[in-house]
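> how would this look folded up:
(one chain, ligands or ions: 2)
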Amino acid sequence: MKTMKAVVFKGKDQIAVEEVPRPAPRAGEAVIGITTTTICGTDVHIVRGEYPVKPGLVLGHEPVGVIEELGAGLEETYSVGQRVIVGAITPCGQCFYCLNGTHSQCGGALGGWRFGNTINGAWAEYLLVPDARANLAPIPPELSDEDVLLCPDIFSTGLSGAESGQIKVGDSVAVFAQGPIGLCATLGAKLKGASLIIGIDAVNQRLEVARRLGANVTLNTQDGDPVPEIKRLTEGRGVDVAIEALGRQETFENALRAIRPGGTLSSLGVYSGKLTAPYEAFYAGLGDQKIVTTLCPGGKERMRRLMAMIANRRVDLTSLVSHHFALDDIQEAFDLFSHQRDGVLKVALYPDAARAVRPTAAVAVGAMDEQC
Ligand SMILES: [Zn+2]
Ligand SMILES: [Zn+2]
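Ligands and ions are numbered 1, 2, ... in the order given. I've put the predicted structure just below:
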């Protein structure tokens, strides 16, 4: 039996690099050799035991790679050696949910999210891609792995916050939290034509990146409650759209308090426990507000569109890839990312250790902040 190197979830707070069986494709499936992948905030939730997955599973859901092997039925569409990305969400394109346009809920609640959740993920030398015809997205030849690394999840998710909020030209928008997803939501608000974009976070360095990506005002929550200032900036009304990109009671509540009557709260965070809506912010339930939630849009057409934005230089996300590690050094990379040390935004992981470039000063974003 052929084996491969992979990062396996062993149980709460434990991951390990192990040799595991290498996947083989059945009809309609493909195996890609992973060239670059990354760590997501959701992986941190999983490893900390806050989102349940089975011990023994290979984690990771952000694959960039090369087609290694094709199952039957794919030869006419794809070829071995082709560079591809696959969305974090892999819809089948055939089920009730897919055919009703909610691809991320493929097969049932959250069902489109398979990698590193219900099947083995991308922190490995090889990855089995289900429903390959719907999900393998060829990378334009002029783009590097790092150019497209954020497309499978972070860019797709962040942008979807602006899309689901149905931001219109001239809208005012507040984006709560400027981690990688919040930063992509800020960029999304700009792409959708918002006039006033307010970026909110507790870390100055992230607010600096937010200003580069499209925020015209940034508010540091360490300086106090951001909502009165948001009201002041919008003639006392509140913003048309608030995007929540952290998944905490406090940011959810602030996003609700920040929108005007008739406004929209577009929520991207992953919550745990119970979420409550305060009476005043909810206008006793009579404020004509909308609350929408979105799970990362996936599938090859979504990936093609995101990569087209990058290939045509409408978007450049490479500055968000702040650190580079060999997959073998996952413990070190995970520790850095999960504790948000050293100004980290996203880490690139390479199964081929020779591709990991360190130290990372050349692409670090701004100076290190004391609060990191
Ligand atoms: Zn993710
Ligand atoms: Zn489906």
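
> For whatever residue of the stretch 51-200 of the chain ends up closest to ligand 1, which non-adjacent residue is spatially closest?
In the stretch 51-200 of the chain, no residue comes nearer to ligand 1 than residue 153, which is 4.0 Å away by C-beta to the ion. Placement of C-beta: from N, CA and C, glycine included. Using C-beta to C-beta, 6 or more residues apart in numbering and skipping residues adjacent in sequence, the residue nearest residue 153 is residue 88, 4.0 Å away.

> Distance of that neighbour relative to residue 73?
Computed as C-beta to C-beta, to the nearest Å, the residue 88 to residue 73 distance reads 24 Å.

> And for the residue nearest to the spatial centre of the chain, nearest residue in space, chain neighbours not counted?
When the chain is reduced to its mean C-alpha position, the nearest residue by C-alpha atoms, centre = their mean turns out to be residue 154, at 2.3 Å. Distances taken as C-beta to C-beta, 6+ apart put residue 180 closest to residue 154, at 4.8 Å, once the chain neighbours are dropped.

> quick one: contacts for that neighbour?
Residue 180 makes contact with 41, 150, 154, 158, 320, 345-346, according to C-beta atoms under 8 Å, 6 or more residues apart in numbering.

> Pipe the residues you listed into TSV and attach secondary structure, distance to residue 269 and pLDDT per row.
TSV is the format used below for these (DSSP: H, G, I helix; E, B strand; the rest coil; distance: C-beta to C-beta, whole Å; pLDDT from 0 to 100):
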residue	secondary structure	distance to residue 269	pLDDT
41	helix	9	94
150	coil	18	98
154	helix	14	98
158	helix	12	98
320	helix	18	96
345	coil	17	96
346	strand	18	97
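
> Just the terminal-to-terminal distance for stretch 118-125.
With C-alpha to C-alpha, to the nearest Å as the measure, stretch 118-125 spans 18 Å from end to end.

> oh sorry, the question was meant for stretch 293-304
23 Å.

> Buried residues of that stretch, list them for me.
In terms of neighbour count (16 or more other C-beta atoms under 10 Å), stretch 293-304 has its buried residues at 294-300, 302-304.

> And for stretch 248-258?
By neighbour count, and taking 16+ other C-beta under 10 Å as the criterion, the buried residues in stretch 248-258 are 248, 251-258.

> tell me the contacts of the nearest residue to residue 299 once chain neighbours are set aside?
Leaving out its chain neighbours, the residue that sits closest to residue 299 by C-beta to C-beta, 6+ apart is residue 91, at 5.0 Å. Residue 91 makes contacts with 97-98, 103-104, 106, 112, 131, 134-135, 298-299, as judged by C-beta under 8 Å, 6+ apart.

> Just the residues you listed: which are in helices?
Among the contacts of residue 91, the members found in helices (DSSP state H) are 97-98, 134-135.

> between those residues, which is nearest ligand 2?
residue 98 (3.3 Å).

> where in the stretch 201-350 of the chain is pLDDT low?
Across the stretch 201-350 of the chain, no stretch falls below the confidence threshold (pLDDT under 70).

> Break down it into its helices, ranges please.
Using DSSP state H, counting those that start in this stretch, the helices of the stretch 201-350 of the chain run over residues 204-213, 226-233, 249-258, 300-311, 330-338.

> quick one: which of these is nearest ligand 1?
Comparison of the helices of the stretch 201-350 of the chain against ligand 1 by C-beta to the ion identifies helix 330-338 as nearest, at 11.9 Å.

> which secondary structure elements does the closest one contact?
strand 14-21, helix 41-47, strand 321-326, strand 346-350 (3 or more C-beta pairs under 8 Å, 6 or more residues apart in numbering; DSSP states H and E).
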